[in-house]
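>>> the following block contains a protein sequence and its predicted model.
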Amino acid sequence: MKTPVIELPAAVTRAEWLAARLKLLTKEKELTHRRDALNAERRRLPMARIEKDYVFEGPNGKASLLDLFEGRLQLIIYHFMWLWNAGKPRDEGCPSCSAWTDQIARGHLTHLHARGTTLALVSRAPLSKIEPFKKRMGWALPWYSSFGSDFNFDFHVTLDESIAPLEYNYRTKAEHERAGTSYYFEGEQPFDLPGMSCFLRKGCETAGGSYYLLDLTALGRQEDWEEPKGRSAGKGLPPRRI
């Protein structure tokens, strides 16, 4: 068996390495500043009101979208892609979604909860398929079924041209064709795709680690340095709940 040849980095002096590392560090800091600015711009986006009364099924029975917040101010839903065969749900979810969830579910959600944010999974599969798979994977995070509702179709993570015009990642089918990403729409319809949606409770009704997930939400990390101002904890927000 032939041993593969691996191209390793060049060996240089400590001074040469440090010079190259400092040059890269400048670019890393530029990227961090640009990312902070992008996150601030995302938080300045307006919100779309949820008008429908979606009904999910969880381990405790029927649940509304408000129930999924678990009493917290923000909700992050990961649209977990389920696998189907000839219109019937299989006994397992998407391997890529499973890999993502495995990293999150085996950690601690305390940092999200401390900032009033709940993370939950939602899949179109029936709960009778979800729960055995969840148990086999050893996950404890909340997971709900949207089976039989419009939720997945309204949020464009289940594609079925007979129900709604095809759209994914804010692009229509024609726009994806022009961009060379029409592969998103390949497959026997209906089929599921992954995604993430963030919700905010107003009044009594709302990528890696927890900070990256909080960056996707309207309130962000709730730190004083963030833009726009006035959204950090202690400035009129309810007490943190663990």
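That came through, no problem.
>>> all contacts plus neighbour counts: C-alpha atoms, from now on.
Noted.
>>> so what's the residue nearest the centre of the chain up against?
Centroid check for the chain by C-alpha atoms, centre = their mean gives residue 196 as the closest residue, at 3.3 Å. Taking C-alpha atoms under 8 Å, 6 or more residues apart in numbering as the criterion, residue 196 is in contact with 76, 77, 78, 79.
>>> rerun at 10 Å
For residue 196, the contact set (C-alpha atoms under 10 Å, 6 or more residues apart in numbering) comprises 76, 77, 78, 79, 80, 121, 122, 155, 157, 207, 213, 216.
>>> in strands, which of these appear?
76, 77, 78, 79, 121, 122 (DSSP state E).
>>> closest to residue 202 among the residues you listed?
residue 76 (15.0 Å; C-alpha to C-alpha).
>>> distance check, the closest one against residue 70.
Per C-alpha to C-alpha, to the nearest Å, residue 76 is found 12 Å from residue 70.
>>> between those two, what contacts are shared?
117, 118, 119, 120.
>>> the third one is in what secondary structure piece?
Under the criterion of DSSP states H and E, residue 119 resides in strand 117-123.
>>> what's the very next helix or strand once past that strand packed up against?
Using DSSP H and E, the helix or strand that follows strand 117-123 in sequence is helix 127-137. Packing partners of helix 127-137 (3 or more C-alpha pairs under 10 Å, 6 or more residues apart in numbering; DSSP states H and E): strand 55-58, strand 88-93, helix 95-105, strand 143-145.
>>> longest single helix anywhere in the protein?
Using DSSP state H, we find that the single longest helix of the chain is helix 14-43.
>>> quick one: low-confidence parts of this protein?
Within the chain, the segments meeting pLDDT under 70 span 203-209, 233-242.
>>> contacts only, for residue 128.
Counted by C-alpha under 10 Å, 6+ apart, residue 128 has contacts 59, 91, 145.
>>> so among the shared contacts of residue 76 and residue 70, which ones count as buried?
Among the shared contacts of residue 76 and residue 70, the ones that count as buried by 16 or more other C-alpha atoms under 10 Å are 117, 118, 119, 120.
>>> kindly reformat the residues you listed as JSON lines containing distance to residue 108.
Formatted as JSON lines, these follow (distance: C-alpha to C-alpha, whole Å):
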{"residue": "117", "distance to residue 108": "13"}
{"residue": "118", "distance to residue 108": "12"}
{"residue": "119", "distance to residue 108": "11"}
{"residue": "120", "distance to residue 108": "13"}
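>>> pick the one among the residues you listed closest to residue 84.
For these, the nearest to residue 84 is residue 120 (21.4 Å; C-alpha to C-alpha).
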